[in-house]
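Novice: mind folding the following:
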Amino acid sequence: MAETQPTYALITGASKGIGKAMAIALAKRKVNLLLVARDATALNDLQNEIQHTYDVTVHYLAIDLTITNAASELYEWVAKEQLNISILINNAGYGLWGKFSELKLTEQLEMCQLNINVLTSLCHYFIPMLQKEKQAYILNVCSTAAYQAVPTMAVYSATKAYVLSFTRALRFELKDSPVSVTCFSPGPVDTGFAARAGLDAFSKMAEKFNMKPDEVAEIALKGMFAKKSEIIPGFTNIISVYANRVLPKAFIEKIAAGIYKV
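Specialist: Numbering: from 1, shown residues only. Here you go, the predicted structure:
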């Protein structure tokens with residue numbers, strides 16, 4: 001009988017925050033890992049930590065996914081190494097804070113490249129591989145910002161609205177296949193996202209509502225393995241998303257503008 005090839009979970013943005021927490025949580029479940037991020041040193045340290053602690057196989061690729069053709073280079077690396085993917089976690093992404101007309105266009109387009117184009121490309125590249133498994137999963141990390149327009153984070157919230165819509169449609173298209181597709185929409189998480197986005201004024205307020213990365217990662221993975229369509233961690237976040245669905249959009253946008261005021 002031919003030996004069964006091991007399968008891996010591929011995680012983008014895996015060097016810190018939610019991505020790192022997901023990697024550790026999956027390693028505890030004895031899942032082999034392919035870790036992707038820009039920081040080679042952080043990836044190497046995480047690889048050593050996980051392999052030593054949890055006795056799973058870990059490979060990593062240090063690459064800047066905002067660069068054109070980065071997604072295809074990632075896919076080619078996986079194919080060249082003859083690695084089989086059973087879980088794809090599109091976690092890499094970031095936000096920018098400020099008025100659209102005042103933020104640099106190049107930086108906003110790079111954000112679109114990562115939040116939308118890379119996620120879309122990786123799904124397209126890896127779905128044929130995932131469909132060969134008895135059971136496979138795609139987890140697209142979104143945001144509660146996907147559920148309403150957010151003035152001063154206009155492009156970021158729009159990219160996440162795309163992720164939400166795309167993921168739900170993809171889930172329906174693959175419903176009769178072995179691939180379960182889930183959208184995960186966290187609110188504030190203690191990952192340094194606010195500082196990366198330039199939201200220094202928001203950071204202190206966010207601390208009151210922040211969830212921990214390991215807590216959020218566990219909720220995400222449990223929901224993914226349960227084949228849920230959407231996961232929103234935290235009672236406050238669930239209530240805010242529900243409010244966005246029932247209250248007038250102009251009212252919600254006014255509230256959001258006040259919270260994220262420049």
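Novice: the strands in the protein, which residues?
Specialist: Taking DSSP state E, the strands of the chain run over residues 7-12, 32-37, 58-62, 84-90, 136-141, 179-184, 230-231.
Novice: in the third one, what counts as buried?
Specialist: Okay, so that is strand 58-62. The neighbour-count criterion (16 or more other C-beta atoms under 10 Å) identifies 58-61 as the buried residues of strand 58-62. Just so you know, the C-beta spots here come from the backbone N, C-alpha and C atoms, and that holds for glycine as well.
Novice: against Lys16, how distant is Met153?
Specialist: Distance, Met153 to Lys16, using C-beta to C-beta, to the nearest Å: 21 Å.
Novice: cool, and Lys132?
Specialist: Distance, Lys132 to Lys16, using C-beta to C-beta: 31 Å.
Novice: now do Ala161
Specialist: Summarising the geometry, the distance separating Ala161 from Lys16, computed by C-beta to C-beta, is 25 Å.
Novice: neighbour count for those two, which is higher?
Specialist: It is Ala161, of Ala161 and Lys16, that has more neighbours when counted by other C-beta atoms under 10 Å, with 18 against 15.
Novice: quick one: residues contacting the more buried one.
Specialist: With contacts defined as C-beta atoms under 8 Å, 6 or more residues apart in numbering, Ala161 is in contact with 146-147.
Novice: wait, Thr66 sits on Gln108?
Specialist: No - contact between Thr66 and Gln108 fails when scored by C-beta atoms under 8 Å: they sit 11.6 Å apart.
Novice: any low-confidence regions in the stretch 1-150 of the chain?
Specialist: Counting by pLDDT under 70, the stretch 1-150 of the chain has low-confidence residues at 1-4.
Novice: now with 80, please.
Specialist: Scanning the stretch 1-150 of the chain for pLDDT under 80 picks out 1-5.
Novice: in it, which spans are helices?
Specialist: With DSSP state H, counting those that start in this stretch applied, the stretch 1-150 of the chain shows helices at 17-28, 40-54, 70-80, 105-112, 119-130, listed in chain order.
Novice: winner for burial among those?
Specialist: Ranked by mean neighbour count under mean count of other C-beta atoms under 10 Å, the helices of the stretch 1-150 of the chain are led by helix 17-28, which reaches a mean of 23.
Novice: identify the residues contacting that helix?
Specialist: 9, 11-14, 33, 35, 37, 46, 50, 53-54, 56, 58, 87, 89, 91-92, 141, 186, 189, 191-193, 213-214, 216-218, 220-221.
Novice: can you pull the phi/psi pair for Glu133?
Specialist: Here is the backbone geometry of Glu133 (degrees, to the nearest 10): phi -90, psi 160.
Novice: once you drop chain neighbours, what's closest to it?
Specialist: Nearest in space to Glu133, with sequence neighbours left out and distances taken as C-beta to C-beta, 6 or more residues apart in numbering, is Ser86 at 4.7 Å.
Novice: tell me the contacts of the one you found?
Specialist: For Ser86, the residues meeting the contact criterion (C-beta under 8 Å, 6+ apart) are 7-9, 130, 133, 135-137.
Novice: fine by me, thanks again.
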